[in-house]
Every structure is written in C-alpha cells, then in structure tokens.
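S.K.: sequence and predicted structure, then a few things I'm wondering about:
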Amino acid sequence: MNASLPRRVRYFDGQDLSVADFVDEQHYHIAAGQRHNSGLHSWGIAYGLDITAAPAAAQDQWRFTIGAGLAIDGHGREIALEQPLERTLNIDLLRQQAVTAVDVLIHYRQEKTLSADRRYYLEAILPGDPGAEAETDYDRWDESPSLQLKYQRQSDKPLPARNTLHSERGDAEGGMETDDERPWPVLLARIILPATPSLSPAIERSGRRYVGLIGDTVRPVKGRAHLSLGTDSEHEQACFAVHLDNGEATTGEDSAPPNGVEPATEGTAPLWIDWQGGVHLTGGVDVKGGLRLSKGAMRFPEIADRAPDETGWQIYRARNEATGVEEMRIELPDRENGAEVAIGNWNTEESRLDPVLSVRADGTVVVAGNLQVNGLINPPPHVGEQTQGDRMVASAKLSAINAAASAAASEEIREQAEKKAQSKSLAAWLAAILKRVFGLFGLGPDGRGN
C-alpha cells in the first residue's frame with residue numbers, strides 16, 4: 001500500500017507511455033474513491049442485497065437468493081452485485097453436522113480475467129489450450145464479490161455486533177486497498193435452520209449494518225438551518241443540535257423566511273440533546289398529540305413571562321406584581337360561554353368526565369361532594385362600598401362556619417379517643433380472661449408451665 005500523497009499522471013504531447021503509467025492512472029482514481037467512501041461514509045449495506053428462501057427441487061434442500069445491491073467495506077471498496085446470486089443448502093445434511101445457523105457474508109474480491117475480444121483472440125486465432133494463458137494474456141479485472149457461508153453450531157450464539165465486527169473506520173486513508181489479503185466481510189443475514197424438516201428456515205436480518213454519513217455538520221441547500229453533530233462552541237455538552245442561521249442564501253436565491261418572520265440570530269440552537277439524553281428546547285413547542293411522562297415530573301424552574309397567547313389555556317410560573325408572591329398559574333380564556341378547570345373521575349360506562357372540583361373563569365368554585373376544611377375560613381378584605389353592617393354579618397357567618405368546623409373536628413377527635421380507650425379496655429378484659437384460663441391449667445401468664 002502506498003502511503004505517500006496521491007500523484008496524478010500528467011500527460012503531454014509526444015509522451016512515451018507504458019503500462020505503469022496507465023496502472024498509476026487507475027490507482028489514482030481507485031484510491032480517491034476509496035478515500036471518499038471510507039472518509040465520508042461508515043461501512044455497510046447501501047441498498048439491496050436482501051435474502052429470500054424457497055424450497056428447492058430436491059428434498060430437504062432450500063434455495064436462497066441474494067438480490068442485487070451495493071455495499072461498502074471498511075477499506076472504502078465497493079461490493080457491487082449486479083445480478084441476483086443463488087445458493088442451495090441441504091438442510092438435512094447440515095443438521096446431521098450439528099449446524100444450527102448459517103451466516104451469509106459478502107466481501108470484495110478482484111480476479112484477473114479476459115475480455116470477450118481477448119478470449120476470442122486466444123481461442124480462435126492462437127492455437128493452444130485456452131486455459132493455459134500467460135500472465136500477460138489477462139486484460140481485465142473482475143470485481144464480482146465473493147460470498148462466504150459461515151456455519152454456526154450453537155443456536156444461542158449472537159449475531160456479530162454492528163460496531164464490533166470490525167473497527168468503525170477503515171484504514172485505507174493512506175492509499176489504495178485492492179487485493180484480497182485483507183477482506184472485510186459484510187453480514188447480510190443469518191439463516192436459522194429449523195429443528196424439524198417440516199418447518200421452514202428463518203432469516204434473521206437484525207445483524208445487517210447499513211452505510212451512514214460521517215461528518216460534524218449537515219447543511220441544506222438554503223442556509224436557514226443546519227444540524228450540528230458533536231460538541232460546538234455554544235453548547236459544549238451537546239451531541240446533537242439544530243441551529244438557526246441568519247437566512248442568507250447559499251445558492252444565490254432569495255431565502256428570506258416566509259410570512260415576514262425575522263430570521264434567528266446566527267448560531268441559535270432551539271433544539272439540542274446532551275450526552276446524557278436530555279432534550280433542551282428554546283421557544284414554543286406545538287404538540288399535535290398526547291404528551292406522556294413515563295418517569296419524572298413536569299417542572300417549572302424559572303419564572304416566565306406570560307406567553308403572548310390571547311386564547312388562554314396556559315400553565316406557567318409567575319410572580320404576582322402586587323404581592324410579590326410566586327404563583328403557579330392555570331390561565332383560562334375569556335369565553336362568552338364560559339371556561340373552567342375540571343378535576344374528576346372518568347366514567348367508563350358513559351364515556352364522560354364526572355367533575356369533582358370545578359373552577360370556572362368567573363370565579364365560581366363547585367365541589368361535587370363534601371368539603372373538609374382543616375383550618376379557618378377568613379373573610380375577604382374590604383372591597384367596594386361594603387357597609388359596617390355587611391362586614392359584621394359576613395364575619396358572623398364565617399365565625400359560625402369556623403365554630404362548626406372546629407366542633408366537628410373536636411367531635412372527630414373525641415370519637416377517636418373513645419375508640420382508643422375502648423380498645424384498651426377490651427385488651428385488658430381479654431388479658432384477665434386468659435390469665436384465669438391459664439391459672440386453671442397451672443400455666444403462667446405467658447402460657448407456659450409454672
């Protein structure tokens with residue numbers, strides 16, 4: 001492998017060319033393609049190369065067909081299968097050899113061959129055995145891939161891990177890799193042999209690995225936003241971020257945001273994900289479906305300004321400017337037909353909510369059941385043209401309610417004390433009875449003999 005910098009053949013008029021010049025020309029372009037594939041892509045299947053199974057004509061044999069497709073190995077070499085490839089497996093014979101699964105892999109291969117014209121020349125014009133060509137007779141390289149069947153004799157052996165079958169990156173950055181001395185197999189599927197002849201073999205595709213892109217940033221044609229993979233200057237803990245750009249076009253077209261919306265500041269990342277899996281959002285989020293919290297809680301760590309939404313229906317944390325008290329607000333819209341916050345139980349028989357507590361937009365609170373107050377009900381502060389007599393009446397009513405609540409609480413405490421005393425008396429009575437019974441049999445208080 002040549003680890004030097006790539007050198008391209010320079011042609012000029014009257015130049016004497018040899019085979020080495022044309023070989024160098026091919027090597028230059030092959031190495032460039034391999035550097036592109038291994039540097040900008042991760043290895044795996046690009047498309048196709050799927051496996052299907054069908055019974056063969058012979059008994060206990062199955063025919064497996066590998067469809068046309070393309071894969072790239074870790075050296076950046078293209079594994080191209082232009083026509084479907086078929087293989088037949090004798091299931092009964094494999095079972096006799098304790099084989100439980102067959103891994104189907106494909107890898108790059110090149111082999112010297114003859115072009116049609118060259119073969120005709122050697123066979124029809126030159127005498128001799130067509131199979132005994134000299135080294136200089138071959139005028140083509142055949143890059144048809146090689147199929148590898150790997151037999152497994154442990155049914156519980158896992159498929160090769162996608163990222164540990166080989167290293168993540170190839171090592172052909174320094175030059176070209178074309179020979180077969182360093183194969184890089186790509187797993188297509190695992191064929192699970194049936195335990196009995198009457199069943200069909202299963203094809204397990206979970207180990208298939210597909211090609212990907214390698215890079216730090218993904219930008220669209222128009223420069224309104226871009227994806228950042230890995231850390232950046234703005235979010236050192238981010239492993240994925242969506243940035244909003246300044247809206248300047250990269251193709252000469254007008255890329256101003258629609259509807260007159262002002263573009264965001266350069267580098268702003270309204271969405272980013274940290275390495276611990278946390279999702280961070282800046283700005284509004286429009287959810288068109290249900291929001292489910294499997295673990296954790298909905299938190300409001302900071303005081304927020306009221307969102308510019310005139311329709312209401314908001315929950316947010318705010319500070320009361322008049323009292324300075326922080327509030328968790330549930331805001332209802334101002335509707336002519338009313339709006340309310342309803343807490344209740346779902347009636348499965350009638351498919352409706354049965355409210356237990358309702359708070360309406362006009363201030364009305366409806367309790368569908370008993371109301372238990374464990375404290376005092378205080379009168380509101382003086383509001384409007386309320387007279388002294390009205391305030392006295394309201395205070396008297398609240399005092400009566402508080403007295404009734406206190407009496408009810410005292411009665412509940414007294415009943416609990418009586419029940420506790422009765423329980424103690426009953427326990428003492430049972431202890432006395434047991435003592436007498438034990439005494440008749442000559443036993444002590446603990447039920448044992450004296």
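M.R.: Received, thanks. Not measured: the values here are computed from a predicted model.
S.K.: tell me both backbone torsions, phi and psi, for the closest residue to Glu302 other than its chain neighbours.
M.R.: Leaving aside its chain neighbours, Glu302 sits nearest to Arg317 (7.2 Å; criterion: C-beta to C-beta, 6 or more residues apart in numbering). All C-beta spots, glycine's among them, are computed from the backbone N, C-alpha and C. Dihedral pair for Arg317: phi -100, psi 130, per degrees, to the nearest 10.
S.K.: I'd like to know how many residues surround Arg317.
M.R.: 14 (other C-beta atoms under 10 Å).
S.K.: return the set of residues that bridge with it.
M.R.: For Arg317, the beta-bridge partners under DSSP bridges are Met328.
S.K.: list the contacts of it.
M.R.: Arg317 makes contact with Phe300, Glu302, Ile303, Ala304, Glu326, Glu327, Met328, Arg329, according to C-beta atoms under 8 Å, 6 or more residues apart in numbering.
S.K.: and the gap between it and Val285?
M.R.: Distance of Arg317 to Val285, computed by C-beta to C-beta, to the nearest Å: 17 Å.
S.K.: over to Val367?
M.R.: Val367 sits at a distance of 34 Å from Val285 (criterion: C-beta to C-beta).
S.K.: repeat for Gly344
M.R.: Using C-beta to C-beta, Gly344 is found at 27 Å from Val285.
S.K.: who has more neighbours out of those two?
M.R.: Higher neighbour count among Gly344 and Val285: Gly344, with 13 against 9, using other C-beta under 10 Å.
S.K.: tell me the pLDDT at the more buried one?
M.R.: Here the pLDDT value assigned to Gly344 is 92.
S.K.: wait, doesn't it sit right on Val367?
M.R.: No - using C-beta atoms under 8 Å, Gly344 is not in contact with Val367, being 11.1 Å away.
S.K.: which residues do those two both contact?
M.R.: Jointly contacting Gly344 and Val367 under the rule C-beta under 8 Å, 6+ apart are Val356, Leu357.
S.K.: on the three-state scheme, Phe22 is what?
M.R.: The assignment at Phe22 comes out as helix when based on DSSP: H, G, I helix; E, B strand; the rest coil.
S.K.: neighbours around it, how many?
M.R.: There are 11 residues near Phe22, going by other C-beta under 10 Å.
S.K.: and what of Arg118?
M.R.: Close neighbours of Arg118, defined as other C-beta under 10 Å, add up to 15.
S.K.: ok, it - contacts?
M.R.: By C-beta under 8 Å, 6+ apart, the contact list for Arg118 reads Asp137, Tyr138, Asp139, Arg140.
S.K.: pLDDT at Glu310, what is it?
M.R.: pLDDT, Glu310: 60.
S.K.: where do the strands of the stretch 201-350 of the chain begin and end?
M.R.: Remark: strands assigned in the stretch 201-350 of the chain by DSSP state E, counting those that start in this stretch are 202-204, 212-213, 217-218, 225-229, 238-244, 268-274, 279-281, 314-319, 326-331, 340-347.
S.K.: residues making contact with the third one?
M.R.: The one in question is strand 217-218. The contact list for strand 217-218, computed with C-beta under 8 Å, 6+ apart, reads His226, Leu227, Ser228, Leu229.
S.K.: remind me which residues of the stretch 1-150 of the chain are low pLDDT?
M.R.: Where the stretch 1-150 of the chain drops to pLDDT under 70, the residues are 1-5, 125-135.
S.K.: just the stretch 351-450 of the chain next, same as before
M.R.: For the stretch 351-450 of the chain, residues meeting the criterion pLDDT under 70 lie at 376-412, 422, 437-450.
S.K.: next: the stretch 151-300 of the chain.
M.R.: Scanning the stretch 151-300 of the chain for pLDDT under 70 picks out 154-181, 223, 231-238, 246-268.
S.K.: how does it look with 50?
M.R.: Scanning the stretch 151-300 of the chain with the threshold set as pLDDT under 50 gives 161-176, 247-267.
S.K.: residues near Ala318, how many?
M.R.: By other C-beta under 10 Å, the residues close to Ala318 number 17.
S.K.: just checking, it touches Arg329?
M.R.: Yes - when contacts are counted by C-beta under 8 Å, Ala318 is listed as touching Arg329 (5.5 Å).
S.K.: would you map the helices across the stretch 301-450 of the chain?
M.R.: Using DSSP state H, counting those that start in this stretch, the helices of the stretch 301-450 of the chain run over residues 388-440.
S.K.: how is the chain divided into domains?
M.R.: Following automatic domain parsing, one finds the domains of the chain at 26-109+144-213, 215-281, 326-367.
S.K.: ends of the longest one, how far apart?
M.R.: Using C-alpha to C-alpha, to the nearest Å, one end of domain 26-109+144-213 lies 26 Å from the other.
S.K.: for the last one, same thing?
M.R.: Using C-alpha to C-alpha, the end-to-end distance of domain 326-367 comes out at 26 Å.
S.K.: how near is Gly230 to Asp274?
M.R.: Counting by C-beta to C-beta, the gap from Gly230 to Asp274 is 12 Å.
S.K.: one more: Ile66?
M.R.: Taken as C-beta to C-beta, the span from Ile66 to Asp274 is 42 Å.
S.K.: between the two, who's got more neighbours?
M.R.: Ile66 (22 against 15).
S.K.: contacting residues for the more buried one?
M.R.: By C-beta under 8 Å, 6+ apart, the contact list for Ile66 reads Leu49, Asp50, Ile51, Leu81, Pro84, Leu85, Glu86, Arg87, Val104, Ile106, Leu147, Leu188.
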